[in-house]
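Chemist: What shape does this take:
(chains A and B)
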Amino acid sequence: MDLITDLKKTPFYDIHVKLGARMVDFAGFNMPVQYESIIKEHETVRSKAGVFDVSHMGEFLLEGSEVIDFLQYIMINDLNLLEPSKGQYSCMCYENGTVVDDLVYYEEAIDRFRMIVNAGNIEKDFQWLNEHISGKDVKITNLSSKRCRLAFQGPKSDEYLQPLVDIDLSTIKRFFFAHCKLNGMPIFIARTGYTGERGFEISFDNEYAEKIWGELIKAGASPAGLGARDSLRLEATYSLYGHEINDSITPVEAGLFWLVKPKEGLEYIGKNVLIKQKTEGTDRTIVGLNLMDRGIIRDGFKISKNGNEIGYVTSGGYSPTLKKTIGLGLIKKQYKEEGTELEIEVRNKLLKGVVVPTPFYRNV
Amino acid sequence: MVNIIEQEFPNELKYLQTHEWVRIQDNIATVGITDFAQHQLGDIVYVELPEIGITFDKGSNVAEIESVKAVGELVMPLSGKILEVNTDLADNPESVNSSPYGTGWMVKIEFSNKSEIDELLTVEAYKEIVEAEKE
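Modeler: Below you'll find the model as predicted:
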């Protein structure tokens, strides 16, 4: 375990170790992949509620009178669809349309936005954002290591959380957020998530980490690790940076064409390529996959049709909810129709797969 | 962290450094993966077993053990031929987690070179390997 002592730790690290979690390197952080069983943790989130340490993710505060103009230029989604107290999922892209990062930002005021980014992209995003301020009145503060973040997800999340907070949770609609107190401790709370269940994502100062974790567990939630987070998001078919999207895949190819907004009269980075792709289609696209043979498919496995390579698996694994193998693959567009049979190479063996509709499972 | 004290390694079995166990009865050996190995892999969701009748050398990998997060192998402790495979694992792969030395067994082999048995690890030797890997 000496190999991973250089990794960054979240404020919940000691709690994870005490719980006997299996710790792994995830984007430079020492994170719990599972406490006892990925499948059990997955099922708990689908049936009750789980609490995930997602403090490895980045948190930025963007302030200034020109923040909205700035974000309109750097994000592909349309800020005009946003309003104070609401969040928005978006991608920021390179000029060629491939993805710098996918993220969520929340409009706290017309001159103040909170942004949550992927752990592996914190430095890159911070630099990218700052490089594009170009004289606008925008100031970006990296709060990632001062604050911590938890995801509280599952059908019972409202019921468990309501007694702890001084706000009526039913007033927070999906993708909206509020600032409130959890047993007197100030938190940011948004009705967002990455599991396909109802739930919340909260952020707060590091000093409250242990207390808030304890309160959520006492309220009935069980700890859930990154393993369950991944199997839940795959069932719900949410893109994962580095898999379905990255700096060589565009959001249109990844099936996130709904994120690409016309924003008429406004320029934004990647617009020309993305609007063209959205109108004309792309040569390759992400599809849902099932296996007809028995086995498990994993990211990177080759996909072929009649012996010709047509793409690869971007994410794959066992679905604890559906009790079968599921996956996502980036393949040539002529094979994207549901029911198309194809072959997936699993360690030198070809298994029969089929294109299926997505999401595999969602309950939100 | 995996707690070694909670893991079981039956005294009557022989072991491999690669975390397989072997139960020898006459000229037949039953093989599976150890409690340590199933802990390391986590929830096992699929085991691809070999065909009955194939022959192999000691050290060959004959099965693939897929967990939610990883894939493991089943290394043959002795040279021989596959006599039987645990077909129950097709529907109950989680037996490998819940009963690694019982219903989670994987293959029965007829071994061809009895002298290879001497090269297998005793439970004491195997426990030392597990301790070392834990650090």
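Chemist: Ramachandran angles for A:Ile116?
Modeler: Dihedral pair for A:Ile116: phi -120, psi 120, per degrees, to the nearest 10.
Chemist: Extract the residue ranges of the stretch 1-150 of chain A that are flagged as low pLDDT.
Modeler: Low-confidence segments of the stretch 1-150 of chain A (pLDDT under 70): A:1-5.
Chemist: Flag every residue of it that's near chain B.
Modeler: Residues of the stretch 1-150 of chain A lying close to chain B (CB under 8 Å from any CB of the partner chain) are A:1, A:17, A:20, A:22-23, A:33-34, A:37-40. (Each C-beta comes from the backbone N, C-alpha and C, glycine too.)
Chemist: Tell me, how many residues neighbour the closest residue to B:Phe56 other than its chain neighbours?
Modeler: Take B:Phe56 and drop its neighbours on the chain: the residue closest to it by CB to CB, 6 or more residues apart in numbering or on different chains is B:Met76, 5.3 Å away. As a burial measure, B:Met76 scores 27 neighbours (other CB atoms under 10 Å in any protein chain shown).
Chemist: Please report the distance of B:Met76 from B:Lys14.
Modeler: Relative to B:Lys14, B:Met76 is positioned 13 Å away (CB to CB, to the nearest Å).
Chemist: Buried residues, the helix ranked longest in chain B. List them.
Modeler: Assignment by DSSP state H gives helix B:123-134 as the longest helix of chain B. By 16 or more other CB atoms under 10 Å in any protein chain shown, the buried positions in helix B:123-134 come out as B:126-127, B:129-130.
Chemist: Could you do stretch A:299-319 as well?
Modeler: Neighbour-count burial for stretch A:299-319 [16+ other CB under 10 Å]: A:299, A:301, A:303-305, A:310-319.
Chemist: Can I get it as PDB, trimmed to CA atoms?
Modeler: Included here for stretch A:299-319 are C-alpha records, laid out as PDB according to Å, rounded to 0.1, in the frame of the first residue of the first chain:
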ATOM      1  CA  ASP A 299     -13.800  -0.600 -22.100                       C
ATOM      2  CA  GLY A 300     -11.300  -0.900 -25.000                       C
ATOM      3  CA  PHE A 301     -12.500  -4.200 -26.400                       C
ATOM      4  CA  LYS A 302     -12.800  -4.100 -30.200                       C
ATOM      5  CA  ILE A 303     -16.100  -4.300 -31.900                       C
ATOM      6  CA  SER A 304     -16.400  -5.800 -35.400                       C
ATOM      7  CA  LYS A 305     -19.000  -6.800 -37.900                       C
ATOM      8  CA  ASN A 306     -18.400  -9.800 -40.200                       C
ATOM      9  CA  GLY A 307     -14.700  -9.600 -39.400                       C
ATOM     10  CA  ASN A 308     -14.200  -5.900 -40.000                       C
ATOM     11  CA  GLU A 309     -13.400  -3.600 -37.100                       C
ATOM     12  CA  ILE A 310     -16.200  -1.000 -36.700                       C
ATOM     13  CA  GLY A 311     -15.400   0.500 -33.200                       C
ATOM     14  CA  TYR A 312     -14.700  -0.200 -29.600                       C
ATOM     15  CA  VAL A 313     -16.300  -0.500 -26.200                       C
ATOM     16  CA  THR A 314     -16.200   2.800 -24.300                       C
ATOM     17  CA  SER A 315     -17.700   1.400 -21.000                       C
ATOM     18  CA  GLY A 316     -18.900  -2.100 -20.100                       C
ATOM     19  CA  GLY A 317     -19.600  -4.300 -17.200                       C
ATOM     20  CA  TYR A 318     -22.200  -6.300 -15.300                       C
ATOM     21  CA  SER A 319     -25.500  -4.600 -14.500                       C
END
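Chemist: and the buried residues of stretch A:299-319, which of them are in strands?
Modeler: A:303-305, A:310-319 (DSSP state E).
Chemist: Of those residues, which are in range of chain B?
Modeler: Applying CB under 8 Å from any CB to these, one finds that A:317-318 fall near chain B.
Chemist: Can you tell me which of the ones in strands among the buried residues of stretch A:299-319 lies closest to A:Cys148?
Modeler: For those, the residue nearest A:Cys148 by CB to CB is A:Ser315; the value is 26.6 Å.
Chemist: Contact partners for the closest one?
Modeler: A:230, A:234, A:240, A:243-244, A:299, A:327-328 (CB atoms under 8 Å, 6 or more residues apart in numbering or on different chains).
Chemist: Would you mind listing which of those residues are buried?
Modeler: Buried members of the contacts of A:Ser315, counted by 16+ other CB under 10 Å: A:230, A:234, A:240, A:243-244, A:299, A:327-328.
Chemist: mind putting those in a markdown table, pLDDT included?
Modeler: Shown next, in a markdown table, are these (pLDDT from 0 to 100):
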| residue | pLDDT |
| --- | --- |
| A:Asp230 | 98 |
| A:Leu234 | 98 |
| A:Leu240 | 98 |
| A:His243 | 98 |
| A:Glu244 | 98 |
| A:Asp299 | 97 |
| A:Gly327 | 98 |
| A:Leu328 | 98 |
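Chemist: Can you give me the domain assignment for chain A?
Modeler: The record assigns chain A these domain ranges, following automatic domain parsing: A:2-55+A:145-236, A:59-142, A:283-356.
Chemist: Make a markdown table out of these and add distance to B:Asn97.
Modeler: Shown next, in a markdown table, are those (distance: least, CB to CB, whole Å):
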| stretch | distance to B:Asn97 |
| --- | --- |
| domain A:2-55+A:145-236 | 8 |
| domain A:59-142 | 30 |
| domain A:283-356 | 13 |
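Chemist: packing partners for the longest helix of chain B?
Modeler: Where contact means 3 or more CB pairs under 8 Å, 6 or more residues apart in numbering or on different chains; DSSP states H and E, helix B:123-134 is packed against strand B:14-15.
Chemist: Helix B:123-134 and the next helix or strand after the strand it packs on, what's the angle between them?
Modeler: Once strand B:14-15 ends, the next helix or strand along the chain (criterion: DSSP states H and E) is strand B:20-25. Angle, strand B:20-25 to helix B:123-134, by axes from the mean of the first three to the mean of the last three CA atoms, to 10 degrees: 170 degrees.
Chemist: Quick one, which of the residues of the stretch 1-150 of chain A next to chain B are buried?
Modeler: Applying a neighbour-count criterion of 16+ other CB under 10 Å, the buried members of those are A:22-23, A:33-34, A:37-40.
Chemist: got these as TSV, with secondary structure columns?
Modeler: Converted to TSV, these look like this (DSSP: H, G, I helix; E, B strand; the rest coil):
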residue	secondary structure
A:Arg22	strand
A:Met23	strand
A:Val33	strand
A:Gln34	strand
A:Ser37	coil
A:Ile38	helix
A:Ile39	helix
A:Lys40	helix
